[in-house]
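[1] everything below, folded, please.
(one chain, ligands or ions: 1)
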Amino acid sequence: MLRYWTAGESHGKGILAIVDGFPCGIAVDSDVIDRELQRRQGGYGRGGRQRIEQDRVEILSGTWRGLSLGSPIALWVKNHDYKIEKMEDLDRPRPGHGDLSGSIKYLTSVRAILERASARETVGRVAAGALARQLLTAVGIEVFGYVVSLGPIDLPPREGSLAELRTIRDRSALYCLHPEKDAEVMELIDACRKQGDTLGGIVEVRVENPPFGLGTHAQWDHKLDGRLAQAVMAVQAIKGVEIGLGFQAARTFGSETHDAITYDPARANERCLGFVRPTNRAGGLEAGMTNAQPIIIRAAMKPISTLAKPLESVHLPSKQPRAAAYERSDVCAVPAASVIVENVVAFEIAAALVEKFGQDNIEEIRRRIELFEEMARSR
Ligand SMILES: Cc1cc2nc3c(=O)[nH]c(=O)nc-3n(C[C@H](O)[C@H](O)[C@H](O)COP(=O)(O)O)c2cc1C
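    Here you go, the predicted structure:
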């Protein structure tokens with residue numbers, strides 16, 4: 001079983017991720033993790049915190065001479081803004097945060113809750129996911145995320161090879177596939193900042209080249225669609241998850257929703273084993289299993305909860321009405337969310353891969369994929 005945990009508070013010493021069950025023999029490159037961490041810090045609309053942090057991973061265990069050992073890998077990212085002991089409590093809970101329910105549930109201060117609820121924790125998820133994608137790369141699977149809408153502005157997906165799309169996305173300050181629209185969106189974010197307001201949006205992730213059969217139909221908590229939805233929904237501020245057509249499928253006829261199945265012997269040696277689907281409305285998953293089509297998953301992010309022009313709240317000691325507290329905050333973090341969702345999806349795909357093909361050694365995994373595909377072809 002490939003799994004991970006994170007630990008750490010927003011203004012504590014740092015964030016730790018422990019990845020357990022990562023196979024032996026994979027070249028682990030900390031630059032790949034750092035690149036994702038830096039992308040997580042970027043995107044237009046972030047607040048002052050990102051100017052303080054310079055996220056870099058330190059790999060504390062689980063590798064030797066650049067290769068994974070098969071033992072737990074501890075990933076450490078230091079917080080430069082370490083000041084938790086000096087921080088004041090908040091006495092006016094912010095609507096949209098865990099401030100009120102967390103401080104009541106644990107019978108504690110708001111600070112004790114917000115420090116862990118904060119999206120700073122996603123540094124650990126991105127680090128774990130960026131490690132997992134190195135396993136995926138070793139078997140030819142790629143994961144790619146981008147923003148498809150920001151507030152009311154649509155930034156729809158485009159056709160093209162992954163290499164082309166990556167170049168386009170990396171030109172955009174919003175991590176979208178329409179850099180020509182950056183100026184319009186940035187203007188909207190600036191106007192929002194001026195008004196003391198915030199924005200959300202939608203991100204999409206594509207997983208290219210998955211083999212048949214990751215996940216299973218057989219038990220509810222092993223279905224890959226469910227596991228992806230849980231991982232993505234558990235990202236801070238994500239309030240909706242769709243796979244393939246998603247909610248749109250409820251509005252279309254069956255004939256417009258499902259993907260016909262055809263067979264092309266010329267493609268029998270590809271991951272699709274020759275089973276060509278002219279469309280991919282299912283988003284690569286049928287009955288909780290991959291069908292060798294690209295996996296397409298979207299996530300809706302709500303607007304940031306901390307408002308410079310705050311909503312009404314309650315002063316907790318006196319129970320009198322007051323404006324909610326304000327702390328340094330992002331106006332829009334949808335680009336960063338696309339990086340987080342990309343990496344949590346990568347982790348779940350890697351976990352499903354080792355479940356199907358074993359997890360001891362990468363060479364063994366590669367051979368088992370080949371053997372499985374050979375057996376499937378010769379049925
Ligand atoms: C990348 C990212 C950055 C975020 N930055 C902030 C922020 O600066 N201020 C804020 O109030 N909320 C921010 N959030 C959202 C909160 O962490 C989140 O809304 C809160 O913890 C409550 O959790 P929930 O929205 O999942 O219910 C951010 C979320 C993400 C994914």
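[2] burial count for residue 374?
    Residues near residue 374, counting by other C-beta atoms under 10 Å, number 11. Where C-beta positions appear, they are placed from N, C-alpha and C, glycine not excepted.
[3] for it, which three-state class applies?
    The three-state label given to residue 374 by DSSP: H, G, I helix; E, B strand; the rest coil is helix.
[4] briefly note if stretch 228-244 comes near the ligand.
    Yes: using C-beta under 6 Å from any ligand atom, stretch 228-244 reaches the ligand at 235, 236, 237.
[5] can I get the residues you listed in CSV with secondary structure, pLDDT and neighbour count?
    CSV is the format used below for the residues of stretch 228-244 next to the ligand (DSSP: H, G, I helix; E, B strand; the rest coil; pLDDT from 0 to 100; neighbours: other C-beta atoms under 10 Å):
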residue, secondary structure, pLDDT, neighbour count
235, coil, 98, 20
236, coil, 98, 20
237, coil, 98, 20
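[6] output those residues as TSV; include the columns distance to residue 160.
    Converted to TSV, the residues of stretch 228-244 next to the ligand look like this (distance: C-beta to C-beta, whole Å):
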residue	distance to residue 160
235	26
236	30
237	29
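[7] centre-most residue in this structure?
    residue 341 (1.4 Å; C-alpha atoms, centre = their mean).
[8] element containing that residue?
    Using DSSP states H and E, residue 341 falls within helix 334-357.
[9] tabulate the CA atom coordinates of that helix in PDB.
    Presented in PDB, the C-alpha positions along helix 334-357 are these (Å, rounded to 0.1, in the frame of the first residue of the first chain):
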ATOM      1  CA  VAL A 334      -6.800  29.000  -8.100                       C
ATOM      2  CA  PRO A 335      -3.500  28.600 -10.000                       C
ATOM      3  CA  ALA A 336      -1.900  27.100  -6.900                       C
ATOM      4  CA  ALA A 337      -4.900  24.800  -6.500                       C
ATOM      5  CA  SER A 338      -4.300  23.400 -10.000                       C
ATOM      6  CA  VAL A 339      -0.800  22.400  -8.800                       C
ATOM      7  CA  ILE A 340      -2.100  20.800  -5.600                       C
ATOM      8  CA  VAL A 341      -4.900  18.900  -7.400                       C
ATOM      9  CA  GLU A 342      -2.400  17.800 -10.000                       C
ATOM     10  CA  ASN A 343      -0.100  16.300  -7.400                       C
ATOM     11  CA  VAL A 344      -2.800  14.700  -5.200                       C
ATOM     12  CA  VAL A 345      -4.200  13.000  -8.300                       C
ATOM     13  CA  ALA A 346      -0.600  11.800  -9.200                       C
ATOM     14  CA  PHE A 347      -0.400  10.200  -5.700                       C
ATOM     15  CA  GLU A 348      -3.700   8.400  -6.000                       C
ATOM     16  CA  ILE A 349      -2.800   7.000  -9.500                       C
ATOM     17  CA  ALA A 350       0.600   5.900  -8.200                       C
ATOM     18  CA  ALA A 351      -1.200   4.200  -5.200                       C
ATOM     19  CA  ALA A 352      -3.500   2.400  -7.600                       C
ATOM     20  CA  LEU A 353      -0.600   1.400  -9.900                       C
ATOM     21  CA  VAL A 354       1.300  -0.300  -7.100                       C
ATOM     22  CA  GLU A 355      -1.900  -2.100  -5.900                       C
ATOM     23  CA  LYS A 356      -2.300  -3.700  -9.300                       C
ATOM     24  CA  PHE A 357       1.400  -4.300 -10.300                       C
END
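[10] so for it, mean pLDDT?
    Average pLDDT, helix 334-357: 98.
[11] count the residues that sit near residue 164.
    Residue 164 is flanked by 12 other residues according to other C-beta under 10 Å.
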